[in-house]
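quick one: sequence plus predicted model below, questions after.
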Amino acid sequence: MTTVTYEAGAVGFGIDIGGSGIKGAPADLRAGALAAKRFRVPTPEKSTPEAVAACLAEVLLHFEVPTATPVGITFPGIIQHGVVLSSANLHKSWIGTDLAELVRLTTGHRVTVVNDADAAGYAEVRHGAALGQDGVVLVLTLGTGIGSALINDGRLVPNTELGHLEIDGYDAETRASSAVKDREGLSYKVWAKERLQRYFEVVEFLFSPDLFVVGGGVSKDHEKFVPLITTRAPIVPAALRNQAGIIGAAALADRAARELPTPTP
């Protein structure tokens, strides 16, 4: 077990559910960094809600997280008021599951559940590449698909799913994701000018962001393709990388706890 001192507004807790691993850690909400090394458990091969909930309980127990501490949990799918509406990488029985309620019943913790791309994007605005940016920030993660997070004046607009825009007759991520780049053997130049340029043109027309942030594993090579994309808004690489989901989830949980109405005596 890892013991950490939790303090409202200072240290929270985040868990990132992925298709291969479930990772959790306390997050320093002031510094925007992990407050301890992440603890990871493998995602069960049969990743049903009950099996994953047991893993979440293991992660919370490892860090001895008090039930009063706000906990944020990311999920790779559409989330509405804690309920899972889509599940591309986990068991299909997740669809319709109230993840927040499942965790409360399994562990006693009240949690905030958020889409994984939304959590990472919020972290970039609070502590990363978009820190201090007013107006509309659009965070796009280029990976197996295209994840998106839209934040307006520090407020997250959840579940944008902009990787699934139909552009020129195609689902956007089937043409412009970094997985497609690798699968088709595209050079960075061709990918940027023939695939990403068109995608960024469309999303910029629709949302007129003040800043684009590009994340995903390929962002480490941002200098090879970002300068080749022409947009009105600046484009910068993500800063928090694989810590962003945990940090963003913890920050959103802390914010949600602070905005709860004061109980009437």
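Arrived safely. Not measured: the values here are computed from a predicted model.

what count of nearby residues applies to Thr230?
12 (other C-beta atoms under 10 Å). Bear in mind the C-beta positions are built from the backbone N, C-alpha and C, glycine included.

correction: Asp153
10.

list the contacts for it?
Counting by C-beta atoms under 8 Å, 6 or more residues apart in numbering, Asp153 touches 134-135.

just Leu102 next, same as before
49-50, 53.

now do the same for it: helix, strand or coil?
What DSSP: H, G, I helix; E, B strand; the rest coil gives for Leu102 is helix.

ditto for Ala31
coil.

nearest residue to it in space, please, no chain neighbours.
His127 (7.5 Å; C-beta to C-beta, 6 or more residues apart in numbering).

against Ala239, how distant is the one you found?
His127 sits 8 Å away from Ala239, taking C-beta to C-beta, to the nearest Å as the criterion.

okay, those two: which has more neighbours?
Applying other C-beta under 10 Å to His127 and Ala239 shows that His127 carries more neighbours, namely 23 against 18.

close enough to count as contact, that one and Leu240?
Yes. Counting by C-beta atoms under 8 Å, Leu240 is a contact partner of His127 at 6.7 Å.

list residues touching both of the two?
Among the neighbours of His127, those also in contact with Leu240 (C-beta under 8 Å, 6+ apart) are 32, 247.

look up the pLDDT of Asp28 for me, please.
At Asp28, the model reports a pLDDT of 96.

what about the residue lying closest to it once chain neighbours are set aside, neighbour count?
Spatial nearest neighbour of Asp28, chain neighbours left out: Ala35 (4.6 Å); criterion: C-beta to C-beta, 6+ apart. Neighbourhood size, Ala35 [other C-beta under 10 Å]: 20.

state the distance from Ala35 to Ala130.
Ala35 sits 22 Å away from Ala130, going by C-beta to C-beta.

sorry, back to before: what is the nearest of the contacts of Leu102 to Gly24?
Gly24 lies nearest to Ala53 out of those, by C-beta to C-beta, at 13.3 Å.

remind me which helix or strand the closest one belongs to.
When elements are assigned from DSSP states H and E, Ala53 belongs to helix 49-62.

how far does that helix sit from the chain's center?
Remark: helix 49-62 is offset 19 Å from the chain centroid, using C-alpha atoms, centre = their mean, to the nearest Å.

CA atoms of it as CSV?
Written as CSV, here are the backbone C-alpha positions of helix 49-62 (Å, rounded to 0.1, in the frame of the first residue of the first chain):
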residue,chain,number,x,y,z
PRO,A,49,-18.4,-4.0,-15.3
GLU,A,50,-18.1,-6.2,-12.3
ALA,A,51,-14.6,-7.4,-13.2
VAL,A,52,-13.3,-3.8,-13.8
ALA,A,53,-15.0,-2.6,-10.6
ALA,A,54,-13.0,-5.1,-8.6
CYS,A,55,-9.8,-3.7,-10.2
LEU,A,56,-10.9,-0.1,-9.3
ALA,A,57,-11.3,-1.3,-5.7
GLU,A,58,-7.8,-2.7,-5.8
VAL,A,59,-6.3,0.6,-7.0
LEU,A,60,-8.2,2.6,-4.3
LEU,A,61,-7.1,0.2,-1.6
HIS,A,62,-3.5,0.3,-2.7
